[in-house]
Structure formats: structure tokens, C-alpha cells
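Novice: build me a model:
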Amino acid sequence: MILRLFSAIFLAWAFGFVWFFATLPAPAGDIKTDAVIVPTGAAGRIQRGLEVLDNGWADRMLVSGVDLEVRPDEFAVEFGVSRRRMNCCVELGFAAVDTRGNAEEIAKWVERRGISSIRLVTSDWHMRRVAGELSRTLPSTVTVVPDAVRTEPNFGVLLLEYHKLVVSRLTALIQS
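Specialist: Take a look at the predicted model:
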């Protein structure tokens, strides 16, 4: 009986992992939202967020989880953002240190500004977990458009992120 239980758990885990890496989220099209949200992390995220602003698909951007030592002027120089663009449209959030913290920082920012739709820009392998955390912190009236940055993650990154996703979902189940 115990062997069957462990076999069933292993099969569920294995099929879940195959689903996880075989169906990584994709970039969004030209959908317009009130804001674009970029949790810091892997390469390409901030550039994609700025591309969204440049294309007029969002009017403002929050970069969540910025290191406390990063100054807005340094950020602007590193990513080629004009002072005017920084002043009007790009905000740096320094409160988050992990994905759950990103969700909390984003939810507070969205509420303070009365935003009803966001484009979430993050790595394809990170999208499901951050979107799940956001679904637990944002009001149901806020529309979230996933906009995944395509990556070529190695097996270790996929395995680690899959386990983080499983733990995140189990924790949400236990807490509800």
C-alpha cells in the first residue's frame, strides 16, 4: 500500500515536471495594460518592460525587488532610460527580496495607483510562480497579462523552479 502511494506521488511529480517545462509561458502580444510590472532577476526582463513602454502597451512601469544600493540615476544609465522617462513612467521598488515579497510590493503599488490591469514581465520559468503569488495578493478585479521572456534554462534551473512552484501551491492550499 505504501509503495503504491509513493509510486502515485512520484508519477504525479514526474508528469507535473514534464508539463512544467514542456508548456513554459510565452510572450504576450500587443495587449494594452495600465502598467507593466517587472520583478528583478534574470536577464532580459527589464529590457522587455522598457520595450512595452516604448511600444505604448503600458503607461508606467514598476521594477520590483531592486537592490537597496541601486540609485535611480544608475539604473537609468545602465538601461538607457532618459531622465524624462524615469520621472514620468519608471518606478523602482526596493521592498521585495523574494517572489512573495515581489507580490506584496506589487499589490501595494497597484492599489495606491488605482491600477486595474498589469502586464507581468518575467522569465518563462518564473512566470507561473510569480503569477500564483500575485493571484493571492491582488484583488480579483485586477487583470494580469503574463508576458514571459523566453529563456534557455538548464535542467537545474527548471528543477529548482518546479519545486518552488510546488511548495508555493502547497503552502497556498494549506493556508486557505
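Novice: can we go C-alpha only for contacts and neighbour counts from here?
Specialist: OK.
Novice: who does Val149 form a beta bridge with?
Specialist: Judged by DSSP bridges, the bridge partners of Val149 are Ser123.
Novice: for the remainder of this discussion, apply numbering that starts at 34.
Specialist: Shifting the count to begin at 34 puts that one at Val182.
Novice: can you give me the neighbour number for it?
Specialist: 24 (other Cα atoms under 10 Å).
Novice: that one contacts Val154, correct?
Specialist: Yes: using Cα atoms under 8 Å, Val182 is in contact with Val154, at 6.8 Å.
Novice: what residues are shared contacts of those two?
Specialist: The overlap between the contact sets of Val182 and Val154 (Cα atoms under 8 Å, 6 or more residues apart in numbering) consists of 78, 81.
Novice: who touches the host helix or strand of Glu138?
Specialist: Assessed by DSSP states H and E, Glu138 sits inside helix 132-146. Residues outside helix 132-146 that contact it (Cα under 8 Å, 6+ apart): 70, 72, 95, 97-98, 126, 128-129, 149, 162-163, 166-167, 170-171.
Novice: cool, and stretch 49-57?
Specialist: Contacts to stretch 49-57, defined as Cα under 8 Å, 6+ apart, come from residues 157-158, 191-192, 195.
Novice: CA atoms only for it - export them in CSV, please.
Specialist: Extracted as CSV, the C-alpha positions of stretch 49-57 are listed here (Å, rounded to 0.1, in the frame of the first residue of the first chain):
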residue,chain,number,x,y,z
GLY,A,49,3.9,17.7,-13.4
PHE,A,50,7.5,18.4,-14.1
VAL,A,51,7.1,17.4,-17.8
TRP,A,52,4.0,19.7,-18.0
PHE,A,53,6.0,22.5,-16.3
PHE,A,54,8.9,22.5,-18.8
ALA,A,55,7.0,21.5,-21.9
THR,A,56,4.5,24.3,-21.6
LEU,A,57,6.6,27.3,-20.5
